[in-house]
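Novice: next comes the sequence, and after it the predicted model I'd like to discuss.
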Amino acid sequence: MNNNFLLRGAIFDMDGVLIDTEKLYLRFWKEAAAEFGYDMRDEYVYAVRSMARKYSIPKLKSMLGEDFPTEEVRSRRSELMNAYIERVGIETKPGLFKLLNHLRDKGYRIAVATATPRERTLSYLSRIGALEFFDAVVCGDMVKTGKPAPDIYLTAANELGLAPEQCAAFEDSPNGLKAANSAGCMTIMVPDMTQPDDEVAPYIHRVFNDLEEAVELFGEVE
């Protein structure tokens, strides 16, 4: 561990870190785009994971063409995904409640920092029974500039009453890791759809296979 960090808080991305929904975004981005006649490749979806809409719209158009109807496809993706979740439910990521209970028992402040809009975020966290664990929930529609800018992590740390340097930030995507690192947090990657590579290596302090492994980072709050 970097000795410059004296951890007092933990901040979590949601999709792909707390809940196993990134695979659903992948599936339904592709299905929605196909309905509009576009081939949405896996790498296109990966490129916009956790990315604020102001960045994702031009990014998608750069890959699929200026005529790509980004908002119409996004809306259809949401419809398909919402219907699936209503029917099947949401899977949590391995070790989620082991880590959350440990953090709460040891006195850490806990937040969510997600690009997902607040209404959907609160719905998902409530659905899995995790909302009560979080002292703050900061969402993409609550900050001026979303990931990969650091605003969402700076806001989350402030909501916890902590400096970013006192917070471990859990992420699975390059855009999220860049945001957390730029904010000054200890960045923890828990790989989901993609593994750490040379692009994200400079932004990562630690990599854990799942959330339960990360319990070792957190002793009693000093």
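Specialist: Noted; the coordinates are in hand.
Novice: from here on, just use CA atoms for contacts and neighbour counts.
Specialist: Will do.
Novice: ok, then the element right after the longest helix seen in the chain?
Specialist: As assigned by DSSP state H, the longest helix anywhere in the chain is helix 70-88. Counting by DSSP states H and E, the next helix or strand C-terminal to helix 70-88 is helix 96-106.
Novice: so which bits of that following helix are buried?
Specialist: Using 16 or more other CA atoms under 10 Å as the test for burial, helix 96-106 gives 96-97, 99-100, 102-103.
Novice: give me phi/psi at the residue lying closest to A214 once chain neighbours are set aside?
Specialist: Nearest residue to A214, sequence neighbours excluded (CA to CA, 6 or more residues apart in numbering): F208, at 6.4 Å. For F208, the backbone dihedrals (degrees, to the nearest 10) come out as phi -120, psi 140.
Novice: the one 10 residues further on too?
Specialist: Note on F218: its backbone torsions stand at phi -120, psi 100 [degrees, to the nearest 10].
Novice: return the residues in contact with it.
Specialist: 7, 103, 106 (CA atoms under 8 Å, 6 or more residues apart in numbering).
Novice: give me that answer again for 7 Å
Specialist: By CA atoms under 7 Å, 6 or more residues apart in numbering, the contact set of F218 is empty.
Novice: can you tell me how far it sits from D141?
Specialist: Applying CA to CA, to the nearest Å, the value for F218 to D141 is 30 Å.
Novice: what do you get for N175?
Specialist: From N175 across to D141, the span is 16 Å (CA to CA).
Novice: higher neighbour count, those two?
Specialist: Neighbour totals were compared for N175 and D141, and N175 leads with 22 against 17 (other CA atoms under 10 Å).
Novice: so where does the more buried one fall, helix or strand?
Specialist: Counting by DSSP H and E, N175 is part of helix 174-183.
Novice: what's the helix or strand following that helix in contact with?
Specialist: Past helix 174-183, further along toward the C-terminus, the next helix or strand under DSSP H and E is strand 186-189. For strand 186-189, contacts defined as CA under 7 Å, 6+ apart pick out 165, 167-172, 177, 180-181, 203-208.
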